[in-house]
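# Would you be able to build a 3D model of this:
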Amino acid sequence: MKSSTNPIDQPPQYATGIPAQPNISAGEWSTGLCDCTSDLPNCCLTCWCPCISFGRIAEVVDKGTTSCGVAGALYSVLCLFTGCECIYSFMYRSKLRQQYMLPEQPCNDCLLHCCCELCALCQEYRELKYRGIDPALGWQGNMQTQNQGVVMPPLGPGEMRR
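Predicted coordinates for the structure are as follows:
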């Protein structure tokens, strides 16, 4: 007997890096805070090199005004010298939440990043992927990918004349 499961009720698939059919709803996160293993490459990257994950998130959330390298380096410096990188990273969670109208769950952004830094970064990275943005491509790469389908009319040589 064939089961009749509704595809909307199924979790997104991250095998290709971007979910097949994102069900984007305003006001809710696409995955839970502890669903890190639902995107294993992201989980491993964030576990071993959180500065890279954070840098990618920061560049996309800031729409290219912040460089991935600069944000990741600053995150690393804060981590190495103070151990308080969460003071920097929680601000980007707040920006991400504001952009996508997401709730502050399960607690305050600062507290969440202080207690569960890696889980929070994984969730933010997954959220961007779920919404069709690949943080690994950076802001410019995502804009180029989105604009590939746009066909511009050909321009003639020189200026337009009557």
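# Give me the most central residue, the chain.
In the chain, the C-alpha nearest the mean C-alpha coordinate belongs to Leu128, at 3.0 Å (C-alpha atoms, centre = their mean).
# May I have the secondary structure class of that residue?
Remark: Leu128 carries the secondary structure label helix [criterion: DSSP: H, G, I helix; E, B strand; the rest coil].
# Stretch 91-100: which residues count as buried?
For stretch 91-100, the neighbour count (16 or more other C-beta atoms under 10 Å) marks Tyr92, Arg93, Ser94, Lys95, Leu96, Arg97, Tyr100 as buried. For glycine as for every other residue, the C-beta is placed from the backbone atoms N, C-alpha and C.
# Stretch 132-144 now?
In stretch 132-144, counting by 16+ other C-beta under 10 Å, buried: Ile133, Asp134, Pro135, Ala136, Leu137, Gly138, Trp139, Gly141, Asn142.
# Show the backbone phi and psi for the third one.
In this entry, Pro135 is assigned phi and psi values of phi -60, psi -30 (degrees, to the nearest 10).
# In this structure it contacts Val60, no?
Yes - counting by C-beta atoms under 8 Å, Val60 is a contact partner of Pro135 at 5.2 Å.
# Find residues that contact each of those two.
Taking C-beta atoms under 8 Å, 6 or more residues apart in numbering as the contact rule, Pro135 and Val60 both touch Leu128.
# rewinding a little: spatially, what comes nearest to the residue nearest to the centre of the chain if we skip its sequence neighbours?
The shortest distance from Leu128 to any non-neighbouring residue, by C-beta to C-beta, 6 or more residues apart in numbering, is to Pro135 (5.2 Å).
# Quick check: the gap between the one you found and Gly27.
22 Å (C-beta to C-beta, to the nearest Å).
# thinking again about what came up before, quick check: the residue nearest to the centre of the chain vs Cys84, distance?
Taking C-beta to C-beta, one finds Leu128 at 24 Å from Cys84.
# Please apply the same query to Gln140.
For Gln140 relative to Cys84 (C-beta to C-beta), the value is 30 Å.
# Next: Thr66.
Thr66 is 19 Å from Cys84, by C-beta to C-beta.
# Who has more neighbours out of these two?
Each of Thr66 and Cys84 has its neighbours counted (other C-beta atoms under 10 Å); Thr66 has more, 18 against 12.
# Right, I'll leave it there.
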